[in-house]
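Peer 1: Just the structure for this:
(chains A and B)
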Amino acid sequence: MRIFNFDEQLIPLDEWVQTAVDWLVLHYREYFQIIKVPVELSLEGLEWLFSSLPPFVVILIFGVIAWRYAGKRVTFFTVLTFLLIGYLGLWDYTMTTLAMVICSVVFCAVVGVPLGIMAGRSDRFEMYLRPCLDVMQTTPPFVYLVPVVMLFSIGTVSGVLATIVFALPPIIRLTSLGIRQVHPELIEAAIAFGATPWQVLRKVQFPLAMPSVMAGLNQTIMMALSMVVIAALIGAGGLGNPVVQGLNTLEIGLATIGGLSIVLLAMVLDRITQGIGQK
Amino acid sequence: MPQESKISIRNLYKIFGPHPKRARELLAQGLDKEAIFEKTETTIGVQDASFEIYAGEIFVIMGLSGSGKSTMVRMLNRLIEPSSGQVFIDDEDIISMNNDQLVKMRRKKMSMVFQSFALMPHLTVLQNAAFGLEMDGIDKATREARAMDALEQVGLDAWAASMPKELSGGMQQRVGLARGLAVDPDILLMDEAFSALDPLIRTEMQDELLKLQAKAKRTIVFISHDLDEAMRIGDRIAIMEGGRVVQVGTPEDILQNPADDYVRAFFRGVDPTNILSAGDIAIDSQVTIVITDGKNPRAGLQRLIKNDRDYAYVIDNNRIFKGIVSTDSLREMFDRDDQPHLVPNAYLHGVKSANTNDSLQDILPEVANNPWPLPILSDKGEYLGAVSKNLFLRTLHRTEQAEDEAATTEQL
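Peer 2: A predicted model of the protein is given here:
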């Protein structure tokens, strides 16, 4: 029977996608290049900042933030980590990675928090948004690396764009959750005292959702860091580079110090943002 | 007191659920809440409520859970949209208000106190008290001064900088009350405001509320499921059952003339001596002697004998109570010749009187310890009537009977 004849491809979805992407690249590449601009500008600024600052100042800045929000032990750990990374000879890579992570997290927050608030206040919006988030979270990054490269070409900016797609869902989900967890009687009380919907959001819902939003931000940072190696595959640079290079040339030592630095950096950023979240 | 209507509720309905139209039809056919829910999965929240709430009174809406009392109070500030009917506040129809007008009314005219306190956990006590003013866009200095003032009124000014979770339940509700008072509303809606507190604190808060009410007369709509609370603080009470308003009246009215078995059953276990006052039961059926006739005490004695009474109540031209004479004390006076034969010389000793507002509990010892009925006087000292042992017992008996009847119908 023809229905069960799987020898030939009945649905050439791959060709359709290929055609669609080719068509997009051919006709709309300029528009996608425009989307790139804000990311490109902020990323370049951050990279310039981190690479031109003396290492001593960078360590001082992170130390002070850790001291202020996360306590003595985290400060000690932070300073130690940065010193170790420096002594391992990975300082420049680390600064690139930091700039990428911070840049993608800022964009995730700017896009994700409003989306999360909207999803938290509207069941309908959440219903439509949810499958999109599922796709973003479950699609292996390798799958969308190719179209990203075709549309945005290789480099750090494309790496950041891919990272944004990958790291966006948790902050949306947790912001929505935080908004939904605010006790209905608090909202009722605010309305009874004459709060407008905007005031309810600004004075009650958002402040009370803040711990959850911060947890989302923390998760987004972690996800962004986990993209570092994958982004290096499309020439994004940073700490992913030694790992990828080590992989290609079977230099196990090089891959290890790259991986170790990523893990330590992730731990530092995690502890600091958790500290900020609890404040 | 002139009774000026503050809130006027007319034919108010609230129907929750998927088939409000069908529910309306069934309601018109005379089906009750349960039957309608079974047929249509639609709940009758409030059904055809019409009553007035007067300016400056504490109006208690009482009923068991599911009676629609919380729905009712939320329709007064439109936290819940009524299905049909009208609510007038100061002759303004709030149902037809648009959003802006509604927000303005909530900010200026009324505030609300919640059973669960509903304090903002991220704000200090002072910021919580200032919440309504903040919504109204009042500048920080002014609103904090006014919030502080409200906190002083409830005795919490020392806790202004604390967070709500550091306070006990009773104190948290004081903050809730201060938040309500800070906006200086005409109308205070209190939704089971004291129900979550333990009994001792609850009584304390009721007293606090009455004290505040004595200082500044607001219109308070108080929701409660606790009859003692309703009796204690309510000027008038509305009793709700299954979405209907069964009876509206003063506590005495309702206790003495319950509208139906439901209301009667509600009042079972209430001690009538706490609610009825001496004036409620006093009867002016005793022989009275006006003092100007006192020149002729024999006429008084004659009237006592003719009416088959032992005691006569002496009053002056303005009905001011003077004393009690008895057939024995008058006869004794006539037997003796050492003093003129005037009514005051025959007064009984140890006579006490009671004020019309005294409770039955207050007057019980006097009624029980003296052979004569206890004279009941107005605030000005006018004689209103007397309470005999017989009358006292009959009052108790009547309330008990009513309770028994209610108990029997309930068992059936």
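
Peer 1: Low-confidence stretches in the chain?
Peer 2: Looking at chain A here, since you left the chain open. A:1-2, A:279 (pLDDT under 70).

Peer 1: my question was about chain B
Peer 2: B:1-2, B:268-274, B:293-295, B:397-412.

Peer 1: Around chain A, which positions in it sit nearby?
Peer 2: B:77, B:79, B:103-108, B:111-112, B:114, B:116, B:118, B:120-122, B:131-132, B:134-136, B:179, B:183, B:189 (C-beta under 8 Å from any C-beta of the partner chain). Every residue, glycine included, has its C-beta placed from N, CA and C.

Peer 1: Please enumerate the helices of chain A.
Peer 2: A:13-52, A:55-70, A:72-87, A:91-121, A:123-138, A:141-152, A:156-181, A:184-192, A:197-199, A:206-226, A:228-232, A:240-249, A:252-278 (DSSP state H).

Peer 1: Helices - which of the residues of chain B next to chain A land there?
Peer 2: B:103, B:104, B:105, B:106, B:107, B:108, B:131, B:132, B:134, B:135, B:179.

Peer 1: could you flag which of these are buried?
Peer 2: B:103, B:105, B:106, B:107, B:131, B:132, B:134, B:135, B:179 (16 or more other C-beta atoms under 10 Å in any protein chain shown).

Peer 1: Tell me which residue of chain B lies closest to chain A.
Peer 2: Chain A sits closest to residue B:107 of chain B, with a gap of 3.3 Å, by C-beta to the nearest C-beta.

Peer 1: And for that residue, nearest residue in space, chain neighbours not counted?
Peer 2: Leaving aside its chain neighbours, residue B:107 sits nearest to residue A:194 (3.3 Å; criterion: C-beta to C-beta, 6 or more residues apart in numbering or on different chains).

Peer 1: Which residues lie in contact with the one you found in this structure?
Peer 2: When contacts are counted by C-beta atoms under 8 Å, 6 or more residues apart in numbering or on different chains, residue A:194 is found next to B:103, B:104, B:105, B:106, B:107, B:108, B:132, B:135, B:136.

Peer 1: let's go with 10 Å and repeat that
Peer 2: Contact analysis of residue A:194 by C-beta atoms under 10 Å, 6 or more residues apart in numbering or on different chains lists B:77, B:102-111, B:131-133, B:135-137, B:183.

Peer 1: And for residue A:253?
Peer 2: A:242, A:246.

Peer 1: That one and residue B:48, how far apart?
Peer 2: Here the criterion is C-beta to C-beta, to the nearest Å. By it, residue A:253 lies 85 Å from residue B:48.

Peer 1: looking at this, residue B:45 is in a strand?
Peer 2: Yes. Counting by DSSP: H, G, I helix; E, B strand; the rest coil, residue B:45 is found in a strand.

Peer 1: count of residues packed around the closest residue in space to it that isn't next to it in sequence?
Peer 2: Distances taken as C-beta to C-beta, 6+ apart put residue B:14 closest to residue B:45, at 3.7 Å, once the chain neighbours are dropped. Close neighbours of residue B:14, defined as other C-beta atoms under 10 Å in any protein chain shown, add up to 23.

Peer 1: now swap in residue B:257 and tell me
Peer 2: 12.

Peer 1: can you check residue A:196 too?
Peer 2: For residue A:196, using other C-beta under 10 Å, the count is 15.

Peer 1: How about residue B:169?
Peer 2: 12.

Peer 1: How about the secondary structure of the residue nearest to it when sequence neighbours are not counted?
Peer 2: If the residues on either side of it in the chain are set aside, residue B:169 comes closest to residue B:197, at 5.6 Å by C-beta to C-beta, 6+ apart. Taking three-state DSSP as the rule, one finds residue B:197 in the coil state.

Peer 1: Now do the contacts for residue B:197.
Peer 2: B:115, B:117, B:168, B:169, B:170, B:172, B:173, B:203, B:204, B:205, B:206.

Peer 1: Repeat that for residue A:20.
Peer 2: residue A:147.

Peer 1: any idea how far it is from residue B:327?
Peer 2: The spacing between residue A:20 and residue B:327, counted by C-beta to C-beta, is 117 Å.
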